[in-house]
Structure formats: C-alpha cells, structure tokens
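Chemist: missing the sequence, but the structure's below:
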C-alpha cells in the first residue's frame, strides 16, 4: 500500500525553472544523490555517474549547450546524470550499452527528483542539450555519456500540474 505522504510527494512534483538565491547544502545534495543510487538498475550494474556543478562559468557553458535554457545557469546546483556505458556493456553487451544504462539513469533521476520535492526543494530534468559539447565541458571520458541535467534549488514558483493523458488513453490490455 502506498503511503499518503509518498503519494503527495509524487503528485506535487513539478518542473521548477525559477529558483531563489538561497544555496543548497552539500548535505542535501548528498542525500539526493544517495537516493538516486538506491534506484533499480539492470543486473545491479549501477551504471550511473553523477557530476555536481556549482561553478557559474561551467553552469553558463552548460546552459548554452542546453539550447540556452537560462534556468540551467540560474539554478544554485546542477547534477549531471551520466551513463557509464562500458560498465553496462560489460554485463549485457550492446543492449546494456544502448538500452539498460539509460533506463538505470532514468530511474536514478526520478528518485532524485522525488527526494528533492520531499526536502522542499525544486528541480527540473533537462534532457535537451548537445551531448558532445556537454561531455567536453565536463571532461567526461568517451564511455561516460551525459543523459540529463537536474537543476536544483529552492523554488521561486509553484506551477500547476500540466494536463495528463487519461488512463484509458495509455493502457492497453493484452494487445494494442
């Protein structure tokens, strides 16, 4: 049975793009990342890597490569979630490299977003960016692929829940 508190965390999660100037503590970032590390991963490969970014110059460069999304620069902290493709490939071959490591990083990202909400923080999951330049900015090895940028800070907005597709639209029994 899902706890009401957990259900409220899920229901209250929103993409936050405006933040106050208040900093986010190292302890809070550690808790968020440790929650990401508890996510399921294919074969328990844990094929994720996390890069914490606070430096304004680096955030500015990442913002430019994230199609100019200003909240990437303005957020107090970024966590770049990357897939360790070599680690996943070692266990599962090309399917690990091309699929499983991305599923695992997605699960870790969702855990971190929900943890941020539960802590009263705001966050967004940024997937629109130029991969190669982000890899270069962060000095990532070839087999470490940036998958998402999580912006984290104290929210300065409270967006409404966007419209969701209905249960009947997305659920198919037995076959399409």
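Modeler: Perfect, I can see it now. Given the structure is predicted, the values throughout are model-derived calculations rather than measurements.
Chemist: mind checking the SS state of residue 81?
Modeler: What DSSP: H, G, I helix; E, B strand; the rest coil gives for residue 81 is strand.
Chemist: which SSE is the spatially most central residue of the chain in?
Modeler: The centroid of the chain falls nearest to residue 109 when counting by Cα atoms, centre = their mean (3.6 Å). Following DSSP states H and E, one finds residue 109 within helix 101-118.
Chemist: now residue 94
Modeler: helix 85-95.
Chemist: taking helix 101-118 as reference, get the angle to that helix.
Modeler: Put simply, helix 85-95 runs at 130 degrees to helix 101-118, going by axes from the mean of the first three to the mean of the last three Cα atoms, to 10 degrees.
Chemist: and helix 85-95, what's buried?
Modeler: 85, 87-89, 91-92 (16 or more other Cβ atoms under 10 Å). Bear in mind the C-beta positions are built from the backbone N, C-alpha and C, glycine included.
Chemist: can I get the residues you listed in CSV including pLDDT and distance to residue 26?
Modeler: CSV is the format used below for those (pLDDT from 0 to 100; distance: Cβ to Cβ, whole Å):
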residue, pLDDT, distance to residue 26
85, 97, 28
87, 95, 26
88, 95, 29
89, 96, 32
91, 92, 32
92, 96, 34
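Chemist: from the residues you listed, pick the one nearest residue 29.
Modeler: Nearest to residue 29 out of the buried residues of helix 85-95 is residue 87 (Cβ to Cβ; 22.8 Å).
Chemist: pull out the buried residues from the helix-or-strand element of the chain with minimal mean pLDDT.
Modeler: Lowest mean confidence among the helices and strands of the chain (mean pLDDT, DSSP states H and E): helix 4-12, at a mean of 86. Neighbour-count burial for helix 4-12 flags residue 9 (criterion: 16+ other Cβ under 10 Å).
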